[in-house]
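take this sequence and fold it.
(chains A, B, C and D)
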There are 2 protein chains.
Amino acid sequence: MDERGKPSEVRISDLASELGLTKGTVSRALNGYEDISKKTRKRVTEVARILGYVPTTQARRLAMGLTETIGLVLPPVPSQPVNTFVSEFIDSISTALNIHGYDLLVHSVNSEKSEVDQYQRLVHSRKVDGFIILRTLEADTRVDYLLKEGFPFVTHGRTARMAEHDWFDIDGEKAFRDATSHLVKLGHQRIGFVGGGNEFFSAQLRLKGYRNMMEETYDNKISGLEQPGDLTGLGGETAARNLLKQNPCPTAILCANDATALGVIKAARELGFRIPQQLSVIGYDGIALGGYLDPPLTTLTFSIEASGREIVAMLLRRLKEPGLPIISKLASATLKLRGSEGPPT
Amino acid sequence: MDERGKPSEVRISDLASELGLTKGTVSRALNGYEDISKKTRKRVTEVARILGYVPTTQARRLAMGLTETIGLVLPPVPSQPVNTFVSEFIDSISTALNIHGYDLLVHSVNSEKSEVDQYQRLVHSRKVDGFIILRTLEADTRVDYLLKEGFPFVTHGRTARMAEHDWFDIDGEKAFRDATSHLVKLGHQRIGFVGGGNEFFSAQLRLKGYRNMMEETYDNKISGLEQPGDLTGLGGETAARNLLKQNPCPTAILCANDATALGVIKAARELGFRIPQQLSVIGYDGIALGGYLDPPLTTLTFSIEASGREIVAMLLRRLKEPGLPIISKLASATLKLRGSEGPPT
DNA sequence: AAAATAAACGAAACCGGTTTCGGTATTTTA
DNA sequence: TAAAATACCGAAACCGGTTTCGTTTATTTT
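Residues are numbered from 1 along each chain as shown, chains lettered A, B, ... in the order given. Coordinates of the predicted model:
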């Protein structure tokens, strides 16, 4: 214990000389090597505890040739901070990583450099052992780059090259089939859809789920109700105006995410629609705030915490056994009925 | 350029032998030492570029005795993910740090270990050069610990010991004076207040701002309208029920944050109050989602991005010049009128 | 009791950089 | 032109650990 301000400056050499051993021996004693006598090991760990010795991370990592650090590069999201996904996700993966002795390094994409540049820097400077990739695109340059380098990573979301890399995803296709089916059962026929950017693979799958269910149910007789979106509230507003000026207009609208749904609801209200009486709205994401709306937003939801834990587990497995065949996992979202949908009038 | 999968494995020694120099010379050439001829320096940088040499971070940091990393330990927030503050804040500070060559290390508090333990581990294992502390309490054990260790950090929010450490804060007292004053000018007399947990210093200051303005305006004739809260929607609901069952009941309610405001609005609606006609509500945080409510939530807001940038600047200054006197900065929030308040009826 | 084996630790190389110090070769000064 | 100063680079120590290899001592084996 040091009385002074500075944190303990005990190095392994200090420990060694204190014990009358060499630092190599101390290191092996502390790391459970078998060629250390029980008595010595006990003595070493005891003195280490008393002196408050903690190995310097940088030195250990240099010697062992690993970083025990996982990188997360935040995708540049121009003003779409409606979603708490990122913070919850960071929380869950850092928790999971910490448990296994790994650290989480968070980087941002500052305007000057491209996104792939960030990955490149992190790889070459050996700051991380692997990556977690968020918001995958169908053609994803980050994935392309890391595959080319042979650098470990797991994506949250699928890509066009999903057969070549580990991934975790929510089954958005099934989720939107379910949601559409739910609306159909309530009696809706003209069900609108507001998508996300089509560059996102997930957006395509959600659209697919919706479209397939509509085609199967109404045998291609009801169409023209798909609108592009951009996963923001503003995008939802414009899409809703386009849909609601049609005649006959939709009695329900399915949205690619909750932010979009909020925009749709806002625009619909301004046009005089009452929800859910005159228009049912369903979102996707399960943001907590949806429960405080009036009416509370019905949405498709999944556990961010579980997703993060799963992804971390996959990545750590990959790091441990690089030769493993591709790992992937498809989890499912559940429809959380809260009140923004009902039978059509 | 390597054709194979592996990332470039060029070490400084490879560069040196390729150039016919020693690694010491190469290092100095690359780091701008004055005892290297212009010609040699040019040759070194050129070959380094061609071979794609990037110094291994771990080695550099070990040799230089620094980590170039800042730690952020996420405070354990039991189910309060209504706020996007954390993700936006992380985004802004990592951007600011990256620009200066620093990394951001994010840790979580896994149940087993206490929060201070996390800081202790990070300090002793020398993983970070400094910390950014979020959600300060009046008596903050994290601050106590780091002050004791003499370890650099900047807080977002003040503490009881703010005279002893660097801090950045939003002037919540003034903000709530302003908001109260705004409601007074609209004609409100019975203005309610729902606080945050009183262990947070910020919550106390917000309450103080509200209370002082009320006392000054109504000369202590109007009181009993303060309710405790917990910064969550649920807390807002119960507080609102307590306030609204009074007779006469408040015509406006000021909330310690937006999540609370959402809860207040929900409860008020359920009790039959129309907003803002029968009850004005004002929040604090400026969450983007508030703009999509009906009516849009009037709130006190400030730039998270600017806060993050400022805090990073303060911390880096501190690291560069440890002897500097305490640095602090008080920024102000602005009242964003959106529609959830109006004159009383 | 001598030889073989096992147990326990010391010595030294290594990870990949940075930095100090000292020694030539070259230029400047006297 | 000899001496002093300067420019430029090599050699080696160092950061704080880990790991391999070899040596000594203690224990078995024959």
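
can you show me the CA trace of stretch A:285-292 as CSV?
Output in CSV follows, covering the C-alpha atoms of stretch A:285-292 (Å, rounded to 0.1, in the frame of the first residue of the first chain):
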residue,chain,number,x,y,z
ASP,A,285,-36.7,-2.4,-32.4
GLY,A,286,-38.6,-2.3,-29.2
ILE,A,287,-37.2,0.9,-28.0
ALA,A,288,-38.3,1.5,-24.4
LEU,A,289,-39.7,4.8,-25.2
GLY,A,290,-42.4,3.2,-27.4
GLY,A,291,-44.1,2.1,-24.3
TYR,A,292,-44.7,5.7,-23.3
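
quick one: contacts of it?
Residues from elsewhere that reach stretch A:285-292, judged by CB atoms under 8 Å, 6 or more residues apart in numbering or on different chains: A:82-85, A:257-259, A:261, A:283, A:296-297, A:299-302, A:336, A:338, B:79, B:81-82, B:233, B:259, B:262-263, B:265-266, B:287, B:289. C-beta coordinates here come from the backbone N, C-alpha and C atoms, glycine included.

check stretch A:317-327 too.
Against stretch A:317-327 from outside (CB under 8 Å, 6+ apart): A:129-130, A:152, A:154, A:163-166, A:314.

mind checking the SS state of A:Glu88?
helix (DSSP: H, G, I helix; E, B strand; the rest coil).

give me the number of residues near the nearest residue to it once chain neighbours are set aside?
Using CB to CB, 6 or more residues apart in numbering or on different chains and skipping residues adjacent in sequence, the residue nearest A:Glu88 is A:Ile304, 4.5 Å away. Neighbour count of A:Ile304, defined by other CB atoms under 10 Å in any protein chain shown: 22.

for the stretch 201-345 of chain A, what spans make up the helices?
A:201-218, A:233-244, A:258-270, A:304-320 (DSSP state H, counting those that start in this stretch).

angle of the shortest one against helix A:258-270?
Think helix A:233-244. 50 degrees (axes from the mean of the first three to the mean of the last three CA atoms, to 10 degrees).

quick check: the residue nearest to A:Glu88 vs A:Ile311, distance?
11 Å (CB to CB, to the nearest Å).

what does A:Ala59 give?
In terms of CB to CB, A:Ala59 sits 30 Å off from A:Ile311.

who's more crowded, those two?
Between A:Ala59 and A:Ile311, A:Ile311 has the larger neighbour count (other CB under 10 Å), namely 25 against 16.

where does pLDDT dip in chain A?
A:1-8, A:77-83, A:111-112 (pLDDT under 70).

which residues touch A:Tyr53?
A:8, A:10-12, A:14-15.

switch to 10 Å and redo it
A:8, A:10-12, A:14-15, A:18, A:26, A:30, A:44-45, A:47, B:124 (CB atoms under 10 Å, 6 or more residues apart in numbering or on different chains).

switch these over to a markdown table; also include neighbour count.
As requested, the contacts of A:Tyr53 are exported to a markdown table (neighbours: other CB atoms under 10 Å in any protein chain shown):
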| residue | neighbour count |
| --- | --- |
| A:Ser8 | 15 |
| A:Val10 | 20 |
| A:Arg11 | 14 |
| A:Ile12 | 19 |
| A:Asp14 | 15 |
| A:Leu15 | 21 |
| A:Glu18 | 16 |
| A:Val26 | 25 |
| A:Leu30 | 17 |
| A:Val44 | 23 |
| A:Thr45 | 14 |
| A:Val47 | 16 |
| B:His124 | 18 |
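
between these, which is nearest A:Asn198?
B:His124 (49.4 Å; CB to CB).

surely the closest one meets A:Val10?
Yes. Counting by CB atoms under 10 Å, B:His124 touches A:Val10, with 9.0 Å between them.

ranges for the strands of chain A?
Under the criterion DSSP state E, chain A contains strands at A:69-73, A:103-107, A:130-133, A:153-156, A:166-170, A:191-194, A:226-227, A:252-255, A:280-284, A:298-301, A:328-331, A:334-336.

neighbours of the nearest residue to A:Glu199 once chain neighbours are set aside, just the number please.
Nearest non-adjacent residue to A:Glu199, counting by CB to CB, 6+ apart: A:Leu137, 4.8 Å away. Using other CB under 10 Å, A:Leu137 has 20 other residues around it.

and for the closest residue to DNA strand C within the stretch 101-250 of chain A, the neighbour number?
Relative to DNA strand C, the nearest point of the stretch 101-250 of chain A is A:Arg126 (7.9 Å; CB to the nearest atom of the strand). Using other CB under 10 Å, the number of residues around A:Arg126 comes to 21.

for DNA strand D, see how far away the nearest residue to it once chain neighbours are set aside is.
Excluding the flanking residues, the one nearest A:Arg126 by CB to CB, 6+ apart is B:Thr56, at 5.0 Å. Plainly put, B:Thr56 is 11 Å away from DNA strand D if you go by CB to the nearest atom of the strand, to the nearest Å.

can you list phi and psi of B:Thr56 for me?
With angles defined as degrees, to the nearest 10, B:Thr56 sits at phi -70, psi 120.

against A:His165, how distant is the residue in the stretch 51-200 of chain A that chain B sits nearest to?
Going by CB to the nearest CB, chain B is nearest to A:Gly150 of the stretch 51-200 of chain A, at 3.2 Å. Distance of A:Gly150 to A:His165, given as CB to CB: 11 Å.

have a look at these two and say which one is more surrounded.
Per other CB under 10 Å, whichever of A:Gly150 and A:His165 has more neighbours is A:His165, with 22 against 11.

okay, and the common contacts of A:Ile304 and A:Ile311?
In contact with both A:Ile304 and A:Ile311: A:89, A:92-93, A:156, using CB under 10 Å, 6+ apart.

quick one: which of those residues is nearest DNA strand D?
Scanning the shared contacts of A:Ile304 and A:Ile311 for proximity to DNA strand D, where the rule is CB to the nearest atom of the strand, the winner is A:Ile93, at 25.3 Å.

how many neighbours does the residue nearest to that closest one when sequence neighbours are not counted have?
The shortest distance from A:Ile93 to any non-neighbouring residue, by CB to CB, 6+ apart, is to A:Gly308 (4.2 Å). By the measure other CB under 10 Å, the count of residues near A:Gly308 is 23.

didn't A:Gly308 look like it was pressed against A:Asn98?
No. A:Gly308 is beyond contact range of A:Asn98, at 12.0 Å (criterion: CB under 10 Å).

outline the domain layout of chain A.
Here the domain parsing of chain A from automatic domain parsing is A:12-55, A:69-170+A:304-332, A:172-301.

out of those, which comes closest to B:Tyr210?
Comparing the domains of chain A under CB to CB, the one sitting nearest is domain A:172-301, at 22.7 Å.

distance from that closest one to the middle of the chain?
23 Å (CA atoms, centre = their mean, to the nearest Å).

chain neighbours aside, what residue packs nearest to whatever residue of the stretch 151-300 of chain A ends up closest to DNA strand D?
The minimum distance from the stretch 151-300 of chain A to DNA strand D, using CB to the nearest atom of the strand, falls at A:Pro152 (19.3 Å). In space, and not counting its chain neighbours, A:Pro152 is closest to A:Gly130: 3.9 Å by CB to CB, 6+ apart.
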